[in-house]
Structures are given as C-alpha cells and as structure tokens.
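*Asks:* next comes the sequence, and after it the predicted model I'd like to discuss.
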Amino acid sequence: MRTYSLLLLLCICSYNTFSQKIETVYRDTKDSTADMYIAVKPESGSIDACMFLLDGFGNSPSGLLMQTDLPQYAAKKNILTIVPLLKTGRLYFGSDSASQASLNEMVEMIYAKYAIQGKPFYIGGLSIGGTCAVKYAELAIQKNYPVKPAALFAVDPPLDWERFYTSAKRIVRLSQTDQVNPEVTYMINRIEKEMHGTPETALENYYNNSPYSFSDTTQRAIKPLVKLPVMLIAEPDIQWWLANRGYDYSYINVADHAAMINELKRLGNNKAILVTTTDKGYRKFDNTRHPHSWSIADPEKIIGWLLEQK
C-alpha cells in the first residue's frame, strides 16, 4: 500500500480556512484506476467520526473535492472523510454486489487503520454514489455489518431501477433516433445487464437490487431504514429538464425520493426528510447550471444535521 501527498488538491482546497490534511492511498500498487481513496483528515489529529462520500458515475475522488466543500466542513468538526474509488472503478453501478462488497471491505479497513471502532459512521453520495450509499445502509443494518451508519444522506440518486428503466424506454420511444441522449441508451443496456433482464422478465432482481421500489408492496428494501436518520436532497427544476433534456417528472429522480421518504415516514421513521432546493445546482468551476450537482447539498447544513443525529 502506498500513500501519496495530493499537492494539487491541497492547492484546490487552499481557499478554505478549515484545518485539514489530504492524502490519497492506492491499495493496489499496480493499479491507479480503482480500489483507492482520498482521505481528508482533521489537522488536529483528533477523529470523532468518519464519513464516506461517493461520487457519481464516471467521476473521480479528486473531482469530488473540486465540486463540494463537505470534506472541509467535516474536518472542522473532527470528522475524517474518505472519498473512495471502489474496485468496480469509475463506471460502477453502485447497488450491485461487487460494488457493495468493495465498499464494505473499505469501510472495515478504514475503521481498523484509524482505530476508530465505535465512533459514528456517516455515508452519503451524489447520483450513483447516492444509490451506492443508500444500498450500503440497508445491507449494513439488515446483515448486521460491524460498521453501520449513524446517518445517511444522498444527493439526487436514482433509487428505483424499475422506474428508471421504464422511463428511459419511454424517452427513447418519444424521441427521434438521432435525438436520444447516449446516456439514456447506455443505462437501458446497463440495467438489463445488471438485472439479468427487464422488469417483465426479472422483476425480483429489480426489487433485490434497487434501494427503493415503488411497485414492491413488501417494502423489503427500505424496511431496514425505519430507525435510521435519512436525508434525500433534490432540485426538481422541471423547467430546466424540459428545456435542456426533454425529460419530465417520470425520468428525474425526485419521484423516487419523495415516494421513499413518504413510505419511510408511514413506516414510523420520523427522522426521514426530503430537502428540495431552488436554483442551487451549478457545477464548479465554470458555474454551469445543472440541478444534478453537488452544489445543491449545503455542506454546513449537512454536517450540522449529521452531528445532531444520536
């Protein structure tokens, strides 16, 4: 295992006033494309809690640090932040068994390395990273992992793969062939591969793999979360999606968020909340408008919320 000082990221984060130490660790010395993490550590050396942050599909840990100040706010509160790239790499699916096994292994390794057993564990992510975080929380509680989350948050994640697949197929049906976003067709094919079929041929796989399923009346996925503080964050700017992508409410993720939070509340979780924002979604550093961005997650409010959970 090798540890490297990440000078570039130190420069990127130098505008912050918060005390922190940043390093990157490659767990496989022969592979820099997967199975690594960036650690953002409190300058004080005191660690009171640990937070894992997972970025979206195709992104890198260094890219996450350029898009959100969450690790810097966490460091100020003596929270160690780990930004992992799992063994499944940048194109990970999040809720799949290989990604989940890699994440569980890394969480246990970090708790042993820093000798922080028994200290609170928080987990969150953007997009597929949020999908991965929610699924991890469900499995950790269901299977009684050694390290279970004290609180969970996710920023605009897809949660219901049946809904996503059906809506993506509708987007293709409504569009001219040359007008379909390649991302849509990629996800249709990827979901079919991961689920070993379509909702018509492999519905149980969709239920088992999805962090939330609207049509699953057993509520099997979310029942482990009944006592866990859960925050889902979305910016449902439907006018932007209509104008820029030709998507309506069926294809944006907020439908999953509202339904899941509603069901958790009805199951008795009074710490499940949906946060919706307006005109917060911009990507650094060119300030490009996009509601599916880390910027909709307010770092100070999230860290404050996490620390309130007992």
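*Replies:* Here it is on my side, so go on. Not measured: the values here are computed from a predicted model.
*Asks:* contact partners of the longest helix along the chain?
*Replies:* Ranked by residue count under DSSP state H, the longest helix found in the chain is helix 97-113. With contact meaning Cβ atoms under 8 Å, 6 or more residues apart in numbering, helix 97-113 is reached by 35, 37, 50, 52, 54, 80, 82, 84, 86-88, 92-93, 116-117, 121, 132, 135-136, 139-140, 145-147. From N, CA and C alone the C-beta is placed, and that goes for glycine too.
*Asks:* Provide a list of residues in contact with residue 53.
*Replies:* By Cβ under 8 Å, 6+ apart, the contact set of residue 53 is 64, 68, 70-71, 81-83, 123-125, 129.
*Asks:* that one sits in which helix or strand?
*Replies:* strand 49-54 (DSSP states H and E).
*Asks:* hey, C-alpha coordinates of that strand in CSV?
*Replies:* Provided in CSV are the C-alpha atoms of strand 49-54 (Å, rounded to 0.1, in the frame of the first residue of the first chain):
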residue,chain,number,x,y,z
ALA,A,49,-16.4,10.3,13.5
CYS,A,50,-15.9,9.0,9.9
MET,A,51,-17.8,10.0,6.7
PHE,A,52,-17.7,8.2,3.4
LEU,A,53,-18.6,10.3,0.3
LEU,A,54,-19.2,8.6,-3.0
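*Asks:* residue 56 and residue 126 touch, don't they?
*Replies:* Yes. Applying Cβ atoms under 8 Å, one finds residue 56 in contact with residue 126, separated by 4.8 Å.
*Asks:* and the most far-flung residue of the chain relative to its centre, how far from residue 35?
*Replies:* In the chain, the greatest distance from the average C-alpha position (Cα atoms, centre = their mean) is reached by residue 176, at 32.0 Å. Shown here: residue 176 relative to residue 35, a distance of 41 Å by Cβ to Cβ, to the nearest Å.
*Asks:* residues making contact with stretch 277-287?
*Replies:* Around stretch 277-287, the neighbours that count as contacts under Cβ under 8 Å, 6+ apart are 66-67, 233-235, 237, 288-296, 298.
*Asks:* strands of the stretch 1-150 of the chain, start to end?
*Replies:* According to DSSP state E, counting those that start in this stretch, the stretch 1-150 of the chain carries its strands in the segments 2-5, 20-26, 36-42, 49-54, 79-85, 121-126.
*Asks:* and those strands, which one averages the lowest pLDDT?
*Replies:* Ranked by mean pLDDT, these bottom out at strand 2-5, which scores a mean of 40.
*Asks:* for stretch 56-66, what is the average pLDDT?
*Replies:* For stretch 56-66, the mean per-residue pLDDT is 94.
*Asks:* what's the nearest residue to residue 40 once chain neighbours are set aside in contact with, if anything?
*Replies:* Using Cβ to Cβ, 6 or more residues apart in numbering and skipping the chain neighbours, the partner closest in space to residue 40 is residue 71 (3.8 Å). Residue 71 makes contact with 20, 40, 51, 53, 65, 81, 83, according to Cβ under 8 Å, 6+ apart.
*Asks:* would you agree residue 91 is in contact with residue 58?
*Replies:* Yes. Using Cβ under 8 Å, residue 91 is in contact with residue 58, at 6.2 Å.
*Asks:* show me the shaky parts of the chain.
*Replies:* Where the chain drops to pLDDT under 70, the residues are 1-19, 310.
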